[in-house]
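> Build the 3D model from these lines:
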Amino acid sequence: MVNRYDELYQGFRWEVPERYNIARACCGRWAEDRARFALYWEDESGATAAYSFWDIQTAANRLSNALAALGVRRGERVALVLPQRPETAIAYMAIFQMGAIALPLSHLFGPEALEYRLDHAQASVAIVEPTTLANLWAIKERLPHLRHVIGVGGAREAGVHSFEALLERASAQFNPVDTAANDPALIIYTSGTTGAPKGALEAHRLLIGNLSGFVHSHDFFPQPGDIFWSPADWAWAGGLFDALLPTWAFGLPILGYRGKFDAEKAYYLLGKYGIRNAFLFPTALKLMMKAVPEPNKRFRLNLRSIMSAGEAVGVTVIEWARAQLGVTINEMFGQTEINYVVGNCQAAWPVKPGSIGR
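Numbering: from 1, shown residues only. Below you'll find the predicted structure:
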């Protein structure tokens with residue numbers, strides 16, 4: 001193949017506007033087209049839903065107004081203790097467009113992990129679901145900055161605001177604030193492998209910084225018919241900047257799944273929704289290879305690109321994916337503070353197992 005690395009390198013220029021907001025880039029500008037799908041969603045019970053960008057924007061407008069009515073102001077931190085569900089994506093857009101700061105927290109965190117991060121970030125509002133409410137409630141009295149808790153999907157306790165009721169009462173019209181590209185958008189905490197977790201304050205422009213890597217590690221995303229899925233938690237930098245936000249930045253749909261990762265279910269989702277692009281951890285790929293070594297004999301797959309990160313994929317999995325999935329996996333490396341650092345693009349230069357970049 002022709003190695004295009006030098007051509008791409010020489011032709012690349014950063015284009016960062018002075019004014020920029022993630023919500024406008026990922027949703028607002030697409031919302032006028034009511035036929036443009038943003039999100040397909042399913043959970044492990046079999047419940048399904050579909051949302052256009054207009055649906056997401058309308059709900060985000062209502063939530064922005066509801067948060068403002070609760071006293072949330074520009075620069076305040078709003079915590080999301082939620083798995084992959086529509087309300088999670090809606091909340092991000094609502095928080096970003098009102099100039100507040102999103103604080104994504106894993107739905108798997110226990111009380112101690114939640115308490116440290118919520119207290120350190122001085123979050124004023126937390127949005128939870130039934131599986132995460134109990135852990136928050138156990139520490140609520142030790143969080144002096146936390147003024148309000150919003151529950152989605154039936155998360156109820158005395159004093160918890162119903163997400164659905166708040167949106168029903170709020171206006172669907174909202175004027176987004178004007179933000180600079182360098183204004184803060186979110187705080188993501190490191191894992192804390194060396195000392196206490198550190199909160200990385202990340203600006204709206206961080207999305208721009210990740211798009212070039214995303215485009216190349218998905219072999220020049222977007223292409224006609226592309227639709228994305230990743231089991232990566234939307235509270236993690238990878239789930240946000242390697243899945244949800246860049247997909248929406250190009251106005252294309254993503255699949256959200258609320259449930260534990262299962263290899264058979266992964267194949268089912270890939271086939272049912274005609275997924276073309278995926279971000280899958282090496283562990284997930286190994287589980288899929290072991291569970292169904294020859295997936296095309298059982299599932300109708302239409303994959304075009306796979307990006308992987310977290311550890312080395314390995315020669316065996318790369319060769320299996322080429323033979324059985326028809327895709328050469330592009331590996332990448334990222335960090336919480338900036339996410340995408342370096343990665344492969346098999347459509348532009350030869351990929352060597354165990355190596356990232358050129």
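> Who are the contact partners of the most centrally placed residue in the chain?
Relative to the mean C-alpha position of the chain, the nearest C-alpha, by CA atoms, centre = their mean, is the one of Leu240, at 2.6 Å. Contacts were defined as CB atoms under 8 Å, 6 or more residues apart in numbering; by that measure Leu240 touches Tyr92, Pro104, Leu186, Ile188, Trp234, Asn339. From N, CA and C alone the C-beta is placed, and that goes for glycine too.
> Check for me that it belongs to a strand.
No. In this structure, Leu240 is helix, not part of a strand, as judged by DSSP: H, G, I helix; E, B strand; the rest coil.
> Strands along the stretch 201-350 of the chain, start to end?
Taking DSSP state E, counting those that start in this stretch as the test, the strands found in the stretch 201-350 of the chain are 228-229, 254-258, 277-279, 305-308, 330-335, 339-343.
> Pairing partners for the shortest one, with directions?
Same thing as strand 228-229. According to DSSP bridges, strand 228-229 has the following sheet partners: strand 254-258 (parallel), strand 277-279 (parallel).
> how near is the residue nearest to the centre of the chain to Trp248?
Here the distance between Leu240 and Trp248 works out to 11 Å (CB to CB, to the nearest Å).
> Would you point to the one among the strands paired with strand 228-229 that's packed deepest?
Highest mean neighbour count of the strands paired with strand 228-229: strand 277-279, a mean of 27 (counted as mean count of other CB atoms under 10 Å).
> Let me see the domain layout of the protein.
Here the domain assignment for the chain is 5-13+206-235+260-343, 22-202, based on automatic domain parsing.
> if we can go back for a sec, quick one: closest of the strands paired with strand 228-229 to Glu18.
When the strands paired with strand 228-229 are compared for distance to Glu18 using CB to CB, the nearest one is strand 254-258, at 28.6 Å.
> before we move on, back to that, could you export the strands paired with strand 228-229 as TSV, including mean pLDDT and distance to Ala47?
Conversion of the strands paired with strand 228-229 to TSV gives the following (pLDDT from 0 to 100; distance: least, CB to CB, whole Å):
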stretch	mean pLDDT	distance to Ala47
strand 254-258	98	9
strand 277-279	98	22
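> Turn those into TSV, including distance to Tyr9.
Conversion of the strands paired with strand 228-229 to TSV gives the following (distance: least, CB to CB, whole Å):
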stretch	distance to Tyr9
strand 254-258	29
strand 277-279	23
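> OK, contacts around Val327?
Val327 sits in contact with Leu303, Arg304, Ser305, Ile306, Ala321, where contact means CB under 8 Å, 6+ apart.
> So which residues of the chain form helices?
With DSSP state H as the definition, the chain shows helices at residue ranges 5-11, 22-26, 53-69, 86-97, 111-121, 130-137, 163-169, 206-217, 237-239, 245-249, 263-272, 282-291, 315-320.
> Format the ones you listed as a markdown table; extra columns: distance to Ser355 and mean neighbour count.
Rendered in a markdown table, the data for the helices of the chain read as follows (distance: least, CB to CB, whole Å; neighbours: other CB atoms under 10 Å):
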| stretch | distance to Ser355 | mean neighbour count |
| --- | --- | --- |
| helix 5-11 | 13 | 11 |
| helix 22-26 | 32 | 24 |
| helix 53-69 | 38 | 22 |
| helix 86-97 | 34 | 27 |
| helix 111-121 | 35 | 18 |
| helix 130-137 | 39 | 18 |
| helix 163-169 | 46 | 16 |
| helix 206-217 | 14 | 21 |
| helix 237-239 | 20 | 22 |
| helix 245-249 | 24 | 26 |
| helix 263-272 | 26 | 18 |
| helix 282-291 | 15 | 17 |
| helix 315-320 | 11 | 16 |
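> Tabulate those helices in CSV, adding columns for distance to Phe228.
As requested, the helices of the chain are exported to CSV (distance: least, CB to CB, whole Å):
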stretch, distance to Phe228
helix 5-11, 22
helix 22-26, 13
helix 53-69, 14
helix 86-97, 13
helix 111-121, 28
helix 130-137, 25
helix 163-169, 25
helix 206-217, 10
helix 237-239, 11
helix 245-249, 4
helix 263-272, 11
helix 282-291, 15
helix 315-320, 20
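> can you count the residues close to Met1?
Other residues lying near Met1 total 9 when counted by other CB atoms under 10 Å.
> Setting the sequence-adjacent residues aside, check what's closest to it.
In space, not counting the residues next to it along the chain, Met1 is nearest to Pro350; the distance is 6.3 Å by CB to CB, 6 or more residues apart in numbering.
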